[in-house]
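Undergrad: Build me a model from this:
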Amino acid sequence: MALGTAGLALLFFLTAALYASVGFGGGSTYIALLALADVDYRTLPIIALLCNIIVVAGGTLRFQMRGLIDWRRIWPILLLSVPAAWAGGRLAIDRDSFLILLGFSLGIAGFLLFAEPYFRNRHAISWQSRSGSIWFAPTAGGAIGFLSGMVGIGGGIFLAPLLFLTNWADSRKIAATASIFILVNSASGLAGQLMKSQWEQGSAAILSYWPLFLAVLAGGQIGSFLASKALPEKWIQRLTALLILYVAFRILWQQFG
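TA: Reported below is the predicted structural model:
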């Protein structure tokens, strides 16, 4: 591997600390780092989804204790996303198709990270105007959940810009909503991935990469409690977006170049 397990663990620790401070799990960055380390493509989603669960579980609990999770408004988003994430994780695809899908997904995720400040400040479109149909929220959640389950991310990086764009709530409630969305869809997607691998491969991956799970557990707790301010949030987003876009370009170049 281009990166050893110890190096990956350090990078996973830093990623978890940064993402946990804003309510995300870091799945897209874990995937990018694992891809750079040349980890088996069948193992990438399992590791990233489990790391997501570890990181956002504590943050979700804290959001709930602070009364920031509005279940009445969130459940329509989760209605189809949970089974869709399971179906996406369960879907068997070949290596080339997975890498192409991963490359494009990471490219979109990187773009959304760059564009999120624009979404955060845009108020021209209201959630109510977009959600005249009762199926708007379930359909959006289902589409994001299915894609997320396939490539091994929680989907918060896709959902949050949509919520900002539709002026769904303030930034704290959007972070809380993204956190619970990541948690339940990561768990559902992981179940699908493990069933697809017949459990043996998934169990072997979990045992082989256990230092990464300890790293994100520690990083996630530190990020949640201390909300690290080593860099301004906008620079964290930009640097992360550059990494994700680089990996997306690298994957797609290898597939099409």
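Undergrad: and Ala176, how far is that from Phe63?
TA: 4 Å (CB to CB, to the nearest Å). C-beta coordinates here come from the backbone N, C-alpha and C atoms, glycine included.
Undergrad: shared neighbours, those two?
TA: Shared contacts of Ala176 and Phe63, defined by CB atoms under 8 Å, 6 or more residues apart in numbering, are found at 23, 69.
Undergrad: For Gly223, which residues are in contact?
TA: The neighbours of Gly223, taking CB under 8 Å, 6+ apart as the test, are 16-21, 55.
Undergrad: 6 Å instead, please
TA: Under the criterion of CB atoms under 6 Å, 6 or more residues apart in numbering, the contact partners of Gly223 comprise 17, 20-21.
Undergrad: which of the residues you listed has the most neighbours?
TA: Ala20 (29 neighbours; other CB atoms under 10 Å).
Undergrad: Once you drop chain neighbours, what's closest to that one?
TA: Nearest-residue entry for Ala20: Gly223, 3.1 Å, with adjacent residues in sequence omitted and distances by CB to CB, 6 or more residues apart in numbering.
Undergrad: ok, the one you found to Lys196 distance?
TA: For Gly223, the distance to Lys196 equals 31 Å [CB to CB].
Undergrad: just for the stretch 151-257 of the chain, where's the confidence low?
TA: Scanning the stretch 151-257 of the chain for pLDDT under 70 picks out 198-202, 226-237, 257.
Undergrad: OK, contacts around Ala241?
TA: The neighbours of Ala241, taking CB under 6 Å, 6+ apart as the test, are 110, 113-114.
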